[in-house]
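# Provided below are the primary sequence and the corresponding predicted coordinates.
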Amino acid sequence: MRTPRNQSATSTLLSMVLACAMLTCASPAASAQSVPLAQHVVLVVEENTSFSTVFPNGMNWLVSEGKKYGYANNYYSDVGGSLLDYLYLASGSCESDYQCGGAPVCSVPSGGHNFNCNGNVCNTMKSCAASSVKDPITDENIFHLMNNQPLSWKVYVQNYLNAGGTVNVPDFTSADQPPFTNYYARHNAAVWYEEILSNVLGSQGNIVDFEQFGIDVANGTLPRFAIIAPDGCWDLHDSCSSLANADNFLNNNLVPMLNLADFKSGGSGLLIVTFDNANGDGEGKVYTALMGPNVKSGYVSNVPYKHENTLRTMLDALGIETYPGWSATALDMSDFFRSNAGSVVINSPANNSAQGPSVHIDASASELGSLVDHMEVWDTFNGKATKLGNVFSKTIDQSFTVTGNGAHQMTVEDVGGAPNYPVLHYEITNYTVSSGYGVFVSSPANNSTQSRIVPIGAFAVEAGAPASSSGIDHLEVWNGSTKLGDSPKGTAISQWYEFAPGKYTVTVEDVSGAGEVLHSSTVTFTVSSDLGVYVNSPANNSTWPTTTVPINAYAYEQNGAKTPLVYQLQVWDNTHGVKLGESVTGVGMNSVFMNQNVKLPGAGTYQLAIEDIDPNNGYKGIHTTYVNVTVK
């Protein structure tokens, strides 16, 4: 019987010797402090392209950024077959050790298990006969480790909602689709792990459509860890892709993130771009670049590295010191980082979150070239900065009381030693304090009609500090006596749930650290089998006091082989024939939902038309929903 999860970060001496014969290694007890903590760690994985194809002239933007920061000149993939290398990046193993025809040529580390993985799937097998049933991976992995901390994380998957938006959506094949999503489950490691398939701590809600990435960058809500999984037309996997468009995808979508303060001087963000395999999906040398303010300028590493080295480096940058699989014996990529690199990272309160008067601070500092005397916590409200306290440690995990309802800014600093006590680094997070306690559901709208996949969004505010025995630990979603799911640990939830057609009353509860339900809120909606555009805001025949009207809408067009690809949503003032707005657009960007404001020209009654657009049919509308609003 398979052991549930390998909690050990060590290997036998024999396995360490064998592993270290193949790659640069360290003892399991090697210090994580050779890599500075990062407020955001972002991994992008491209496909099937050798180092010599990318460098020096294949992907101009990527190569120029690698030259500006640092790139690896001796980095090799682990094994041919896409999924296997994605697993090395998540759990340090190919998770495969079976003896059948076509089995991959790889081995599991000591304490690892066989989940019958090949380059395409990890499915159960009997007598070498494969099934269509997933064999959930229970070995230790980065997703479980982040949930345990807990740390925020997301996987941004291009065309995920167009493909169906669930963890069991299969690989795109031109034989059974449109929609031409070019989405591949084998390029999305998260959907093969038991932690996600069982939806532990709402893990499935952390796998989101790629359009959410641009929204999170613009709103300052990037998680601590993120994976970006482009679809086959933009990651060099399919014939519709090219070096130029893959490079343009990276340039257009990553530059806004690299312009954030966390990725500028004084920040700590870390971006890693690598390739699963070399040309033809074979094992070989691949281009890997590290970017961020703590990375040495113009650095070229000749140290031999593989995907398990990247995994260990990401874990170190997240402050996690458990190393799954072969990462337990792999060196982190510490040669990339400046000797005086440092950072302060904040896990709580989340940026742009809602809080009560007691705010839980979870923060850490790391300094590679300086000693930290203490950390300081400052709160700014109405232009006045107040020191909340000194903490004589490199970690903070306690609650502070703040005063004043409204917008606050929290600054956490690490301070050097005597005689000058200089501020070494700092991190800022913004939040809103409210004395209105309870659970607040933003979507779906009450008494609305929804598709078979329903977006549930809510947040909660309580007097007690989050994560305390009296404060919010997480949110839960219930349909009667049946729990639909949990949020990740925290005060908000934003997830999609599948429903059969019918009428539902769903309850969202916030639950304390002691397991008690603090408040709850219900929302009633009807699920329709119809395809089309569903609108949660504005309500039909609603009245607005201003000309600014919020649009919350999404498209649902799942219709088997007849499913069209949704390019974007557009909002029109149908009364005057004027376009008011559109959902996220950009290179490689398809968007099926929107949550933004539009501005009407003045007082009066308007008919709004919200439609989804098909790029494969002359950019014509697929379905349109009409909403009447009055502006006073």
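Yep, it's here.
# Let me see the domain layout of the chain.
The chain breaks down by automatic domain parsing into domains covering 34-95+137-308+315-336, 342-433, 438-527, 532-631.
# Deepest in the core, which of the ones you listed is it.
Mean neighbours per residue, mean count of other CB atoms under 10 Å, is largest over the domains of the chain for domain 34-95+137-308+315-336, with a mean of 22. Using the backbone N, CA and C atoms, a C-beta is placed for each residue, glycine as well.
# rewinding a little: can you list the domains of the chain in JSON lines and add distance to T124 and mean pLDDT?
Shown next, in JSON lines, are these (distance: least, CB to CB, whole Å; pLDDT from 0 to 100):
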{"stretch": "domain 34-95+137-308+315-336", "distance to T124": "12", "mean pLDDT": "96"}
{"stretch": "domain 342-433", "distance to T124": "37", "mean pLDDT": "97"}
{"stretch": "domain 438-527", "distance to T124": "23", "mean pLDDT": "95"}
{"stretch": "domain 532-631", "distance to T124": "26", "mean pLDDT": "95"}
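# three-state assignment of the nearest residue to A445 once chain neighbours are set aside?
Nearest in space to A445, with sequence neighbours left out and distances taken as CB to CB, 6 or more residues apart in numbering, is N536 at 4.3 Å. Of the three states, N536 takes strand under DSSP: H, G, I helix; E, B strand; the rest coil.
# who's in contact with P466?
S348, P349, Q355, V359, H360, I472, D473, G490, T491 (CB atoms under 8 Å, 6 or more residues apart in numbering).
# quick check, it in a helix?
No. Counting by three-state DSSP, P466 is not found in a helix; it is coil.
# quick one on the thing from earlier: verify the stated contact: the residue nearest to A445 with N552.
Yes. Using CB atoms under 8 Å, N536 is in contact with N552, at 4.2 Å.
# nearest residue to M410 other than its sequence neighbours?
T429 (5.0 Å).
# now swap in G417 and tell me
Distances taken as CB to CB, 6+ apart place D373 nearest to G417, at 4.5 Å, with adjacent residues excluded.
# sec struct for the residue most central in space within the chain, please.
With distances taken as CA atoms, centre = their mean, the residue of the chain nearest its centroid is K154 (1.6 Å). Secondary structure state of K154, per three-state DSSP, is strand.
# Look up which residues are beta-bridged to it.
Going by DSSP bridges, K154 is paired in beta bridges with A226.
# What distance do you get for it to G164?
Look at K154 and G164: by CB to CB, to the nearest Å, they are 18 Å apart.
# ok, now A354?
32 Å.
# quick one: contacts for A407?
Listed by CB under 8 Å, 6+ apart, the contact set of A407 reads F381, N430, Y431, T432.
# Which of the helices or strands spans the nearest residue to the second one once chain neighbours are set aside?
Leaving aside its sequence neighbours, N430 sits nearest to Q409 (CB to CB, 6+ apart; 5.3 Å). Assignment of secondary structure by DSSP states H and E places Q409 within strand 406-415.
# So V54 sits against S64, correct?
No. Look at V54 against S64 with CB under 8 Å: they stay out of range, at 11.8 Å.
# hey, where'd the helices end up in the chain?
Using DSSP state H, the helices of the chain run over residues 13-20, 51-54, 60-68, 82-91, 142-148, 160-163, 194-197, 211-219, 243-258, 307-317.
# how many neighbours does V108 have?
22 (other CB atoms under 10 Å).
# any idea how far it lies from W326?
Separation of V108 from W326 (CB to CB): 9 Å.
# any common contacting residues for these two?
Jointly contacting V108 and W326 under the rule CB under 8 Å, 6+ apart are S93.
# picking that back up, pipe the contacts of A407 into a markdown table and attach distance to N248 per row.
Output for these, formatted as a markdown table (distance: CB to CB, whole Å):
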| residue | distance to N248 |
| --- | --- |
| F381 | 43 |
| N430 | 32 |
| Y431 | 36 |
| T432 | 37 |
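# ok, those residues vs G282, which is closest?
N430 (47.2 Å; CB to CB).
# which residues touch that closest one?
Going by CB under 8 Å, 6+ apart, N430 touches G220, N351, N352, A407, H408, Q409, M410.
# can we see that at 6 Å?
N351, N352, Q409 (CB atoms under 6 Å, 6 or more residues apart in numbering).
# between those, which is nearest I622?
N352 (32.8 Å).
# what's the distance between that closest one and N430?
6 Å.
# same question, Y299
Distance, Y299 to N430, using CB to CB: 33 Å.
# my guess is S343 meets G269, correct?
No. Using CB atoms under 6 Å, S343 makes no contact with G269, being 9.2 Å away.
# sorry, back to before: I346 is in contact with the residue nearest to M410, correct?
Yes. Contact criterion CB under 6 Å: T429 and I346 qualify, at 5.1 Å.
# can you pull out the strands in the stretch 101-250 of the chain?
With strands called from DSSP state E, counting those that start in this stretch, the stretch 101-250 of the chain shows them at 123-126, 129-134, 153-157, 207-209, 225-229.
# which residues are in contact with the first one?
Same thing as strand 123-126. Under CB under 6 Å, 6+ apart, the answer for strand 123-126 is N116, A130, S131, V133, K134, D135.
# Please apply the same query to the second one.
For strand 129-134, the external contacting residues (CB under 6 Å, 6+ apart) are N123, T124.
# Note down every partner strand of it and its orientation.
If you go by DSSP bridges, strand 129-134 pairs up with strand 123-126 (antiparallel).
# List the buried residues for the partner strand?
Buried residues in strand 123-126, counted by 16 or more other CB atoms under 10 Å: N123, M125.
# Sheet partners, orientation included, of the strand holding Q409?
Checking strand 406-415 against DSSP bridges gives partners strand 374-381 (antiparallel), strand 423-433 (antiparallel).
# doesn't S451 make contact with Y556?
Yes. Under the criterion of CB under 6 Å, Y556 makes contact with S451 at 3.4 Å.
# Return the distance of T482 relative to E476.
11 Å.
# related to what we said a few turns ago, and the residue nearest to the centre of the chain, what does it touch?
Counting by CB under 6 Å, 6+ apart, K154 makes contact with N206, V208, P223, A226.
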